[in-house]
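**Student:** my questions concern the predicted model and sequence given below.
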Amino acid sequence: MEKILQVKDLELSFHTFGGEVKAIRGVNFDLYKGETLAIVGESGSGKSVTTKSIMRLLPEATSEFKNGEILFGGRDLTKLSDKEMQKIRGKDISMIFQDPMTSLNPTMPIGRQITEPILKHQKIGKDEAKKVAIDLLRLVGMPKPELRMKQYPHQFSGGQRQRIVIAIALACNPQILIADEPTTALDVTIQAQILELMKDLQKKIDTSIIFITHDLGVVANVADRVAVMYGGKIVEIGTVDEIFYNPQHPYTWGLLSSMPSMDAEDAKLYAIPGTPPDLLDPPKGDAFALRSEYAMKIDMEQPPPFFKVSDTHMAATWLLHPEAPAVEPPEMVIERMKKFPGSRYYEGSAN
Amino acid sequence: MAEKLVEIKNLKQHFNVGKANEVKAVDGISFDIYKGETLGLVGESGCGKSTTGRSIIRLYDATDGQVLYEGESVHGKKNKKDLKKFNRKMQMIFQDPYASLNQRMKVMDIIAEGIDIHGLAKDANDRKKMVYDLLETVGLNKEHANRYPHEFSGGQRQRLGIARALAVDPDFIIADEPISALDVSIQAQVVNLLKELQEEKGLTYLFIAHDLSMVKYISDRIGVMYFGKLVELAPADELYENPMHPYTQSLLSAIPLPDPNYERNRTRKAYDPAVHNYTDADDVKMREVSPNHFVNCSEKEFAELQERMAAKK
């Protein structure tokens, strides 16, 4: 499969009064053409910062690329000038944010907001751009698009606003669409509609999507592959089935166990103890070790490298080291592993 | 049958009454909340679930209908003393722990505000001790009392909101989307805390949320709201296993679960209110289809639902 974006050894820091916050500490991943890669993790894990650094949306005065590169179309995005970056942003790579009200301009009719990137990036006239915009609105399922072009954001509901934001993001047929918690502010029913819309559009225009969310239900719904982030690093990456049915990292175990399942009895919910690491002074070894009941001595001293689980599945935990003792994952995770061929708990295809 | 703590009778909350933009946020709903239970209230935004909570605790004056707390009406004219009595028994936890805590007060004073108003502390030392105890109850420690809200993370702030609600030793807590703004792992911590407190203190909760999987986990019974009306009310498991109102079915079919195989096969049902084909002659109201399972339906639909129930058995 064709790699459309490569993030290599990315390290990024913020300079604050308190000192240097190492927000991203060596992130590697590839994005393939036409796939959806979900990035999950808790607040402060670096998932948003990673994507914002791809878009170069971080404040230049306080943020600094320490190392690594972001390769897109043969060029390293971290080294481009602002002008060159402007030609890519909104055209080749575009972004959808969580809150559609703040990402739209409240004083501008939505028609003008949709034609803005078209006029900027494509050599076509105003009238034609308008036609494209109307088509886009129709594409995202907006009724009476001609009429609605003249209306302002406050005249739309939350779900409609997010559709408009998607229309703007897709205006120039981007190769990569970054969606940062696009449905978190929406209701389940509206969320379902937006997710269906995004999947539908992805098929039509063959975009690659990076989908950031902390809702694992949404991940299971949209993702082809999943990257789990913790403490500024990717700790596990694999196909959606591998992450949900054969997770290897204790943090992934914790995340999956803390979701109530629909058929759960009244047992206590599993809550990952403690709080995320302080990235002003990141832990020396495995960042998750202090919160993990599976931590070993080496976890406190050396950060684990990636261990290969399969061709598509990698996890950074010392538990996968050949000399590590075998441990039992939490019960909820074992239940999941029973469904995965290749896992040591697999129970066959009988169920 | 358990004892009724709160009775909501035909509660209506209309805004801009008499104007062109009149909104019937809550339009005649009735239900009871029993002592010691957790009643979940779900529905999409704008369905009136938060307004219901706020009307019950008298943040709004109800347009019509009654809220009875232990048999006494909450609304209507009250002198200060009576009001205080209600305010002590009923407390609220809000969604946004950033907006619901005064940024310029120290945690000590935020939590002690209710204690001061109701004169619950004997002296300054007693007040301090009460706050320390409350902080410990919610899993923080006493060093936190001298800090300001901005020094806390989202989950910790929600703990502060809970401590503040507990300060006056209430019996009934309305939690309006208390976990929606929190991360998954932190959500679990807060939900566990709420459950523990309920067991310890015998609290009664009205839990308002749109995250249906969490609601099912925490609630004993669940009410589903749609456009200002209650459309279904049933024990939590029963509602999920056997949803009867088409809106409830649609809502349940929209929840994504953390299970890729299930997600590949899930089909979403859309809800169209036109399916009911109600005419003016239809008497649409809550009817008990099976024990404790109420559905908002017409006479005809009621008969159909009962038939379906019988066929299942």
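**Tutor:** Perfect, I can see it now. Residues are numbered from 1 along each chain as shown, chains lettered A, B, ... in the order given.
**Student:** distance of the residue most central in space within chain A from chain B?
**Tutor:** Residue closest to the mean C-alpha point of chain A, counted by CA atoms, centre = their mean, is A:I212 at 2.6 Å. The gap separating A:I212 from chain B is 13 Å, by CB to the nearest CB, to the nearest Å. Glycine gets a C-beta too; all of them are placed from N, C-alpha and C.
**Student:** same question, A:A315
**Tutor:** 18 Å.
**Student:** helix, strand or coil for B:G18?
**Tutor:** Per DSSP: H, G, I helix; E, B strand; the rest coil, the local secondary structure of B:G18 is coil.
**Student:** you'd agree the residue nearest to the centre of chain A is up against A:L177?
**Tutor:** No: in this structure, A:I212 is not within contact of A:L177 by CB atoms under 8 Å, at 11.5 Å.
**Student:** next SSE downstream of the helix or strand harbouring B:V6?
**Tutor:** In this assignment (DSSP states H and E), B:V6 forms part of strand B:4-15. Next helix or strand after strand B:4-15 toward the C-terminus (DSSP H and E): strand B:23-34.
**Student:** number of residues surrounding A:E331?
**Tutor:** 11 (other CB atoms under 10 Å in any protein chain shown).
**Student:** measure it to B:E301 for me?
**Tutor:** 42 Å (CB to CB, to the nearest Å).
**Student:** check whether the residue lying farthest from the centre of chain A sits in a helix, strand or coil.
**Tutor:** In chain A, counting by CA atoms, centre = their mean, A:D127 sits farthest out from the average C-alpha position, at 35.8 Å. Judged by three-state DSSP, the three-state class of A:D127 is helix.
**Student:** need the pLDDT of B:A124.
**Tutor:** B:A124 carries a pLDDT value of 94.
**Student:** for A:M262, same thing?
**Tutor:** So, for A:M262, pLDDT stands at 60.
**Student:** residue boundaries of the strands in chain A?
**Tutor:** Counting by DSSP state E, chain A has strands at residues A:3-16, A:19-32, A:36-40, A:63-72, A:75-76, A:93-96, A:176-180, A:208-212, A:225-230, A:233-239, A:307-310, A:313-315.
**Student:** could I get the ones you listed as JSON lines with mean pLDDT?
**Tutor:** Shown next, in JSON lines, are the strands of chain A (pLDDT from 0 to 100):
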{"stretch": "strand A:3-16", "mean pLDDT": "94"}
{"stretch": "strand A:19-32", "mean pLDDT": "94"}
{"stretch": "strand A:36-40", "mean pLDDT": "96"}
{"stretch": "strand A:63-72", "mean pLDDT": "94"}
{"stretch": "strand A:75-76", "mean pLDDT": "94"}
{"stretch": "strand A:93-96", "mean pLDDT": "94"}
{"stretch": "strand A:176-180", "mean pLDDT": "95"}
{"stretch": "strand A:208-212", "mean pLDDT": "96"}
{"stretch": "strand A:225-230", "mean pLDDT": "96"}
{"stretch": "strand A:233-239", "mean pLDDT": "96"}
{"stretch": "strand A:307-310", "mean pLDDT": "94"}
{"stretch": "strand A:313-315", "mean pLDDT": "96"}
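**Student:** of those strands, which is nearest A:P282?
**Tutor:** Proximity to A:P282 (CB to CB) singles out strand A:19-32 among these, at 5.5 Å.
**Student:** tell me the buried residues in stretch B:28-42?
**Tutor:** B:28-34, B:36-42 (16 or more other CB atoms under 10 Å in any protein chain shown).
**Student:** and those residues, which two are the farthest apart?
**Tutor:** For those, the farthest-apart pair by CB to CB is B:G28 and B:G36; their separation is 27.2 Å.
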